[in-house]
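# A structural model of the following input is requested.
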Amino acid sequence: MSDSEQGLSAKPSDWPKALFYTALVFSIFQIITAAFHPVSTQVLRATHVGFLLLVVFLSYPAVGKSRPWQPLAWVLGLAGIATAAYQWIFEADLIQRSGELTDADMVIGIILIILVFEAARRVMGWALPIICSLFLAYGLFGQYLPGELMHRGYGIDQIINQLSFGTEGLYGTPTYVSATYIFLFILFGAFLEQAGMIRLFTDFAMGLFGHKLGGPAKVAVVSSAMMGTITGSGVANVVTTGQFTIPLMKRFGYRPAFAGGVEATSSMGSQIMPPIMGAVAFIMAETINVPFIEIAKAALIPALLYFCSVFWMVHLEAKRANLCGLPKDQCPDPWAAIKERWYLLIPLFILIYLLFSGRTPLFSGMVGLALTSIVILGSAIVLRLPSNALRFAFWIALGVLCAGFFQLGIAVVFAVIALLVAVCWFIKGGKDTLIICLHALVEGARHAVPVGIACALVGIIIGIVSLTGIASTFASYILAVGQDNLFLSLVLTMLTCLVLGMGIPTIPNYIITSSIAAPALLDLGVPLIVSHMFVFYFGIMADLTPPVALACFAAAPIAKESGLKISLWAIRIAIAGFVIPFMAVYDPALMLQSDSWLAIGFVVLKATVGIGIWGVIFTGYLLQKLYWWERLMGFLAGASLILATPLSDEIGFGLALLFILQHSWRARKLKRLAEQG
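Numbering: from 1, shown residues only. Take a look at the predicted model:
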């Protein structure tokens, strides 16, 4: 492994000192600005991007895998910081002469665009920069195109002003969300990860399901779903929980491709699992201007259906191959795991309560992060107290102090943290806890880099789209198709998401397609949240879809199987993820976009039966191996239930009942014959 790679993937203690302290200062800056708001939102966005550029150029090489050449790395990184400093120092002047750029403004604007393009290329490869370059070229030369694609023409100064200054380009809404909500939640996850939350989740899942039929795969599903509550990153889940679950599944008889597919599918589903979900959910809430709780509510039933579907298919595959679980005495006690690390759940539960009680994600994230650090520091002190009574009193005292947050403000919490840090410095083992917190701050900055750079670069697309109005042209095309066939419009949008997802991560995929396709779906009568969730879901599914399938290729070296074979299993296991968005469009009650609980209950019943039967036909097994005509009957039953007409519902339920009855009868008959023979 190269030095550069070590700087991003090894322990923070192994990082070069310059990179370590840069990441540390980055995290501290983000916490201070979130807690006290000392700068304007424009300066916050610019400084966030400046730090991202510095971290990228210090850690990612220009080509190959060798360590970045430090003189050039510092020149480029400091140039990125300089663009932020320019925005900060000349903020008032830039506001006063908005739209009229000086020569210095032009130079800074061009440098910023070039640096963001280069940083994105180093972090994510060529795909996203090429797509953004096409949009930039359209803004510069679109006046020469024929037909409806032609725009009125814009000068270079107008393009630079749109992209490098103001809030509709590189410093647009995605960058704002990255600099506020997303960074805090990434730090929150990093603190819990460093404190042992992954071990808690895996031990708990292993204790509950490890000894069941197909237990190791069920552990992968449950642990990945729970991991999503603190990370919201599919690929991160693959390379963390997958290190444990994939070898375990292989050891107990699952095929390597199936094991990798289960982990990839479960991990990608973590991005749609409330309460925290992935970074896209925060961007969506800000983009469509709805409370985050509404996004989480809309995602709840589909996420549960998704994971129930994966769990069901894992169970069927285990039955088909007769794969037993671990001996019960080899599985950890799930309640012992909770008893050992119960305190780590406190910040998570409080965060969930705040999000679902209507507090803003920024406030909730700040409280969650502060409480996590208090709990981690406090746990180091509690271990040194001589009796349970003193330990209980200590936790009560901490709780009372933290309750002051709501009355006296964030200063109380920071004072509590400072006091705990001072105590930990002098007690045995306390310094190790301080190192854990320090590493969490640095790890949080590292995890924020790919997200933040993607958010900054897609600002190119947002800026050009808003300047030229190209979105309305694309929307009118989809509307023209959708006037005759809504299903065809949905398929076109789905294919757009899947194709874009072959080369770019979920966040830019969502931002691009939501800017262009989601408004068209809205005009076709699809509710606002449902139209954006449709785009969001297929952006996630792109990471499971061949030939690229990023999550599957992340699982490949762990499973020791080709990424293509893993992805072919993943799309079968994740069939619910392809079906649910279409069902939600035709019946928005599936995403709780209805006041009728009867309607919600009915559509959930339909979805459960339809997805359950499709799980059977894609596995090829229920009580016995399915015949081809049983698969056809099951497919038609599931397809009928997906449609939203009363007649199709009746046909679907009828076919489903017929399918189950005849298969059960055939299975019992074969069992009797086997017993007699």
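
# pull the CA atoms of stretch 603-611 into PDB?
Extracted in PDB, the C-alpha atoms of stretch 603-611 (Å, rounded to 0.1, in the frame of the first residue of the first chain):
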ATOM      1  CA  VAL A 603     -50.800  -0.900  -0.300                       C
ATOM      2  CA  VAL A 604     -48.400  -2.300   2.300                       C
ATOM      3  CA  LEU A 605     -50.300  -5.700   2.100                       C
ATOM      4  CA  LYS A 606     -50.100  -5.600  -1.700                       C
ATOM      5  CA  ALA A 607     -46.400  -4.800  -1.600                       C
ATOM      6  CA  THR A 608     -45.600  -7.400   1.000                       C
ATOM      7  CA  VAL A 609     -47.400 -10.200  -0.900                       C
ATOM      8  CA  GLY A 610     -46.000  -9.100  -4.300                       C
ATOM      9  CA  ILE A 611     -42.400  -8.700  -3.200                       C
END
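
# which non-adjacent residue is nearest the most centrally placed residue in the chain?
Nearest to the mean C-alpha position of the chain, by Cα atoms, centre = their mean, lies Gly278 at 2.8 Å. Counting by Cβ to Cβ, 6 or more residues apart in numbering, Gly278 lies nearest to Gln271, which is 3.3 Å off, once chain neighbours are set aside. No exception for glycine: its C-beta is placed from N, CA and C like everyone else's.

# just Thr83 next, same as before
Nearest to Thr83 is Leu112, by Cβ to Cβ, 6+ apart, at 4.5 Å.

# secondary structure class for Thr545?
coil (DSSP: H, G, I helix; E, B strand; the rest coil).

# just checking, what packs against the helix or strand harbouring Ser364?
If you go by DSSP states H and E, Ser364 is part of helix 361-382. Under the contact definition 3 or more Cβ pairs under 8 Å, 6 or more residues apart in numbering; DSSP states H and E, helix 361-382 sits against helix 17-36, helix 183-195, helix 345-356, helix 388-408, helix 410-426, helix 430-457.

# list the buried ones in that helix?
If you call a residue buried by 16 or more other Cβ atoms under 10 Å, then helix 361-382 has these buried ones: 361-362, 364-382.

# once you drop chain neighbours, what's closest to Glu317?
Nearest to Glu317 is Thr619, by Cβ to Cβ, 6+ apart, at 5.7 Å.

# what do you get for Thr33?
With Cβ to Cβ, 6+ apart as the criterion, Thr33 has its nearest non-adjacent residue at 5.4 Å, and that residue is Leu44.

# contacts only, for that neighbour.
33, 176, 179-180 (Cβ atoms under 8 Å, 6 or more residues apart in numbering).

# try Ile28
Here Ile28 is in contact with Leu441 (Cβ under 8 Å, 6+ apart).

# ok, now how distant is it from Tyr21?
10 Å (Cβ to Cβ, to the nearest Å).

# for Met206, same thing?
38 Å.

# so between those two, which is more surrounded?
Between Met206 and Tyr21, counted using other Cβ atoms under 10 Å, Met206 has the larger neighbour count: 27 against 12.

# now the angle from the host helix or strand of the residue nearest to Thr33 to helix 183-195?
Using DSSP H and E, Leu44 maps to helix 41-59. Interaxial angle of helix 41-59 relative to helix 183-195 (axes from the mean of the first three to the mean of the last three Cα atoms, to 10 degrees): 40 degrees.

# where does pLDDT dip in the stretch 51-200 of the chain?
Along the stretch 51-200 of the chain, segments meeting pLDDT under 70 span 64, 66.

# tell me the pLDDT at His663?
At His663, the pLDDT value in this model is 83.

# then it would be within a strand, right?
No. Counting by three-state DSSP, one finds His663 to be helix, located in no strand.

# I'd guessed Arg251 sits against Ala217; true?
No. Using Cβ atoms under 8 Å, Arg251 is not in contact with Ala217, being 11.5 Å away.

# please say which of these two ends up with more neighbours.
Taking other Cβ under 10 Å, Arg251 and Ala217 do not tie; Ala217 has more neighbours (33 against 11).

# and the more buried one, helix, strand or coil?
Look at Ala217: counting by three-state DSSP, its state is helix.

# how about Leu101?
Assignment for Leu101 (three-state DSSP): coil.

# which ones are touching it?
Neighbours of Leu101 in contact, by Cβ under 8 Å, 6+ apart: 109, 157, 160-161, 165.

# got it, and Gln593?
Contacts of Gln593 by Cβ under 8 Å, 6+ apart are 298, 527, 529-530.

# pLDDT wise, what is it at?
On pLDDT, Gln593 comes in at 83.

# for it, which three-state class applies?
Per three-state DSSP, Gln593 ends up coil.

# you'd agree Leu636 is up against Leu658?
No. Under the criterion of Cβ under 8 Å, Leu636 makes no contact with Leu658, lying 10.4 Å away.

# neighbour-wise, which of these two wins?
Neighbour totals were compared for Leu636 and Leu658, and Leu636 leads with 17 against 13 (other Cβ under 10 Å).

# chain neighbours aside, what residue packs nearest to that one?
Once flanking residues are discounted, Leu636 sits nearest to Leu655: 5.7 Å by Cβ to Cβ, 6+ apart.

# which element is Phe244 on?
Assigned by DSSP H and E, Phe244 falls in helix 234-251.

# list the buried residues in the helix or strand that that helix is followed by.
Sequence order places helix 256-269 as the next helix or strand after helix 234-251, per DSSP H and E. Neighbour counts over helix 256-269 (16+ other Cβ under 10 Å) mark 256-269 as buried.

# any chance of those residues in JSON lines with distance to Gly242 and pLDDT as columns?
Shown next, in JSON lines, are these (distance: Cβ to Cβ, whole Å; pLDDT from 0 to 100):
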{"residue": "Pro256", "distance to Gly242": "12", "pLDDT": "88"}
{"residue": "Ala257", "distance to Gly242": "14", "pLDDT": "87"}
{"residue": "Phe258", "distance to Gly242": "13", "pLDDT": "87"}
{"residue": "Ala259", "distance to Gly242": "9", "pLDDT": "85"}
{"residue": "Gly260", "distance to Gly242": "8", "pLDDT": "87"}
{"residue": "Gly261", "distance to Gly242": "11", "pLDDT": "88"}
{"residue": "Val262", "distance to Gly242": "10", "pLDDT": "86"}
{"residue": "Glu263", "distance to Gly242": "4", "pLDDT": "85"}
{"residue": "Ala264", "distance to Gly242": "8", "pLDDT": "86"}
{"residue": "Thr265", "distance to Gly242": "11", "pLDDT": "87"}
{"residue": "Ser266", "distance to Gly242": "9", "pLDDT": "84"}
{"residue": "Ser267", "distance to Gly242": "7", "pLDDT": "82"}
{"residue": "Met268", "distance to Gly242": "12", "pLDDT": "82"}
{"residue": "Gly269", "distance to Gly242": "14", "pLDDT": "82"}
